[in-house]
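Engineer: After the sequence you'll find the predicted model.
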Amino acid sequence: MTTSEAAATPSTATPSTATPSTATPSTAARAGSSPVATVDPDPRRWWSLGVLCMTLLIIGLDNTILNVALPSLVRDLGATTSQLQWIVDGYILVFAGLLLTAGSLGDRFGRRGALSIGLVVFGIGSVASAMATDANMLIFTRGFMGIGGALIMPATLSLLTNIFTDPKERGRAIGVWAGVAGASGAFGPVLGGFLLEHFWWGSVFLINVPVVIAALVLGRLLLPTSKDPSAPRLDPIGALLSMTGLVALLWGIIEAPSKGWSDPVVIGGLALGVVVLVMFVLWELHTDHPMLDVRFFQNLRFTAASGAITLTFFAMFGVSFLATQYLQSVLGYSPLEAGIRMLPMPLSMLLVAPWSPRIVERIGTKIVVGTGLLLASLGTGVLAFVPVENGYPVIVAGMMTMAIGMGLLMAPATESIMGSLPPAKAGVGSAMNDTTRQMGGALGVAIIGSVLASAYRPGVTSALTALGAPEEVIATAANSITGAMGAAAQLPQPLGDAVAAAASSEFVSAFHSAVLVGSAALLIAALIVFRWLPARAGDTRAHHESALDGIASLTFAEAEGAVELAELQIQQAEDAAKPPET
């Protein structure tokens, strides 16, 4: 960049032309002794946020909308219980296993391109899933959709953090993003129930197609290109190790509730996952071009926020999974009725999440995130008092309290992750944020579900044996509360009513124990936050060892201006060093 070019660029301030509006003492001090130029915000940034939330919506919905269609898959495709599990979990395995790699590729080659490719893959997978003729084909197409989801999810957040250059606006935009991410999954059962009442099971996949087309068109018009300007080399070994480790670990977690935590295959999968992930960490510390710089975890802001989000999704996924079963199998609601009765949770989260950044501006990140976790823990604990009959008021009170707490904490915790990393690494930072969510959710369903199963199975077996129920009924009831209610409906009275009542009582008793695990996880997360999360984002940017550290901590616009100014000063120095022309 020459001196004349810099002077012609409105977004760049030279030492002689800097004004109070283009360079402030605070930003200059943070980057060193030179003033820092700023750029005008993108006037289309809020429209861009709408496009990003649209793409995020289909990912959140797809995580839950399929659940209400599972009985139809058994009837129309002849899917076994194991196949049903892999139809749901195969998507999570591929999705979570590819997130870090997809985020790194987006940083390297371009985030808008990664988003567009992900939307195309997701759309093709949705159509193929709707047209599947057997369960194994559906397992494969769901995995293919996971590839698209892994490209979409980190691109949305990394683009957002580079579009919104003002820290306050970025925090509010992340509040909207977090609200959509947290609430979209809860709308899935409602939408799925509606579609299944009017169409066939494939409609839960085809609903994605018009959203994909709209997002592709609007994204082309409204989203800027964005990538890591340093164009770092790829890290194929790190990518392979991260995918292998995450897939093995998640596979063990998902299989544990059905096979048992002591099963040699499960232990082998978990051990392989842990060993490979340790190898991944060692490799990332060794290589000079890591996909994920694990030294990020030395930043307490990054680590505490990542732990808080992991444990939040652990509780949310696990408790929601059990609450849906309670509403349908114990209280007898249809999938659509149960989904509608769960609506207060996402609505509460959507109302609270956009306001949390404003509250953070007043009282700081630590208090908001910690208070949100305490509220979520309290709401989850309330569910431990749900009765066998007429328990919906307790369910809605607990879930709404939990949702309000999560609405408070998700945006500032997400901002703590993204704000603690250089903007050039936004894709990997977003992927880490998404991976913690998926890992937490998978752990929650597996562990909280396993706690329930461990308490329910022996209890219902003992109770039904005492009633003199047939052995095949006892075996069916021990597998699930849904199976118990189906078997009870086939028995003569009054034995059928007695079996249903005993199964409901044992399920609710086990439900109490399981939700307390979720409540305890949230309480632990609150303690982590109050102990290690900085009070405000500025705490981690207040002191730097060098000018380079100062530039790395700036917002994207400030850092870009600082680099341009440094280039200008180098050019001026070179020009001054040249011998005068004769």
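Structural biologist: Structure's in. What do you need?

Engineer: C-alpha from now on. contacts and neighbour counts both.
Structural biologist: Noted.

Engineer: By mean pLDDT, which helix or strand of this structure comes out lowest?
Structural biologist: Least confident helix or strand, the chain: helix 547-552 with a mean of 33, by mean pLDDT, DSSP states H and E.

Engineer: How is this protein partitioned into domains?
Structural biologist: Domain ranges of the chain: 40-232, 235-290, 300-534, 541-565, per automatic domain parsing.

Engineer: okay, how far is it across the second one, tip to tip?
Structural biologist: Translated: domain 235-290. Start and end residues of domain 235-290 are separated by 6 Å (Cα to Cα, to the nearest Å).

Engineer: From the chain's centre, how far out is that domain? Work that out for me.
Structural biologist: Averaging C-alpha positions (Cα atoms, centre = their mean, to the nearest Å) puts domain 235-290 19 Å from its chain's average.

Engineer: same check, this time on the longest one
Structural biologist: Averaging C-alpha coordinates over domain 300-534 and over its chain gives two centres that are 15 Å apart (Cα atoms, centre = their mean).

Engineer: quick one, phi psi at Q493?
Structural biologist: The phi/psi pair for Q493 (degrees, to the nearest 10) reads phi -80, psi 150.

Engineer: That one: neighbour count?
Structural biologist: Using other Cα atoms under 10 Å, Q493 is surrounded by 11 other residues.

Engineer: Report the rounded mean pLDDT for the helix or strand E506 falls within.
Structural biologist: Using DSSP states H and E, E506 sits within helix 495-532. Averaged across helix 495-532, the pLDDT comes to 90.

Engineer: which parts of that helix are buried?
Structural biologist: Across helix 495-532, burial judged by 16 or more other Cα atoms under 10 Å covers 495-496, 498-530, 532.

Engineer: top helix in this protein by residue count?
Structural biologist: Criterion DSSP state H: the longest helix present in the chain is helix 426-467.

Engineer: which other helices and strands contact that helix?
Structural biologist: Packing partners of helix 426-467 (3 or more Cα pairs under 8 Å, 6 or more residues apart in numbering; DSSP states H and E): helix 81-109, helix 135-163, helix 236-259, helix 300-325, helix 392-419, helix 471-479, helix 495-532.

Engineer: so which of those gets nearest A455?
Structural biologist: Among the helices and strands packed on helix 426-467, the nearest to A455 by Cα to Cα is helix 495-532 (5.2 Å).

Engineer: what angle do that closest one and helix 426-467 make?
Structural biologist: With axes from the mean of the first three to the mean of the last three Cα atoms, to 10 degrees defining the directions, helix 495-532 sits at 150 degrees from helix 426-467.

Engineer: which strands and helices sit next to helix 495-532?
Structural biologist: Using 3+ Cα pairs under 8 Å, 6+ apart, helix 495-532 is in contact with helix 300-325, helix 365-382, helix 426-467, helix 481-489.

Engineer: for these, which one ends up most surrounded?
Structural biologist: Neighbour counts (mean count of other Cα atoms under 10 Å) averaged over each of the helices and strands packed on helix 495-532 peak at helix 365-382, with a mean of 26.

Engineer: and that one, what does it pack onto?
Structural biologist: helix 356-363, helix 392-419, helix 495-532.

Engineer: quick check: angle from the last one to helix 481-489?
Structural biologist: This means helix 495-532. Comparing the axes of helix 495-532 and helix 481-489 via the same axes, to 10 degrees yields an angle of 170 degrees.

Engineer: In CSV, list the helices and strands packed on helix 365-382 along with distance to S480.
Structural biologist: Output for these, formatted as CSV (distance: least, Cα to Cα, whole Å):
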stretch, distance to S480
helix 356-363, 39
helix 392-419, 20
helix 495-532, 9
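
Engineer: how about those helices, which one is nearest A446?
Structural biologist: Ranking the helices and strands packed on helix 365-382 by distance to A446, with Cα to Cα as the measure, places helix 495-532 first at 11.1 Å.

Engineer: got the angle between that closest one and helix 300-325?
Structural biologist: 170 degrees.

Engineer: In the stretch 101-250 of the chain, where is pLDDT below threshold?
Structural biologist: Under the criterion pLDDT under 70, the flagged ranges of the stretch 101-250 of the chain are 107, 178-179, 181-183, 185-186, 226-233.

Engineer: if I read this right, P387 contacts V508, doesn't it?
Structural biologist: Yes. Counting by Cα atoms under 8 Å, V508 is a contact partner of P387 at 7.2 Å.

Engineer: Tell me the spacing between T165 and M54.
Structural biologist: On the measure of Cα to Cα, T165 and M54 end up 21 Å apart.

Engineer: Neighbour count for the two, which is higher?
Structural biologist: T165 (22 against 18).

Engineer: How about the secondary structure of that one?
Structural biologist: Following DSSP: H, G, I helix; E, B strand; the rest coil, the label given to T165 is coil.

Engineer: What's the separation between it and S306?
Structural biologist: Computed as Cα to Cα, the T165 to S306 distance reads 22 Å.

Engineer: what's the answer for Q325, then?
Structural biologist: For Q325 relative to S306 (Cα to Cα), the value is 29 Å.

Engineer: In three-state terms, how would the closest residue to E255 other than its chain neighbours be classified?
Structural biologist: Leaving aside its sequence neighbours, E255 sits nearest to V266 (Cα to Cα, 6 or more residues apart in numbering; 6.6 Å). Assigned by three-state DSSP, the conformation of V266 is helix.

Engineer: please renumber so the chain begins at 875
Structural biologist: Sounds good: first residue 875 from here, last item V1140.

Engineer: V1140: neighbouring residues, count only.
Structural biologist: The tally of other residues near V1140 (other Cα under 10 Å) stands at 23.

Engineer: if I pick it, what's in contact with it?
Structural biologist: Neighbouring residues of V1140 by Cα atoms under 8 Å, 6 or more residues apart in numbering: 1126-1127, 1129-1130, 1133-1134.

Engineer: Try it again at 10 Å.
Structural biologist: By Cα atoms under 10 Å, 6 or more residues apart in numbering, V1140 lies in contact with 1122-1123, 1125-1134, 1146.

Engineer: Among those residues, name the buried ones.
Structural biologist: Listed as buried from these are 1122-1123, 1125-1132, 1146; burial here means 16+ other Cα under 10 Å.

Engineer: For these, could you give me TSV that also reports distance to A1271?
Structural biologist: Formatted as TSV, those follow (distance: Cα to Cα, whole Å):
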residue	distance to A1271
A1122	38
L1123	35
W1125	34
G1126	34
I1127	30
I1128	30
E1129	32
A1130	31
P1131	29
S1132	31
L1146	41
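
Engineer: Name the nearest of these relative to V1078.
Structural biologist: I1128 (23.2 Å).

Engineer: Just flag the most distant two among the contacts of V1140.
Structural biologist: Maximum pairwise distance in these, criterion Cα to Cα, is 19.2 Å, between S1132 and L1146.

Engineer: Please consider this matter closed, and thank you.
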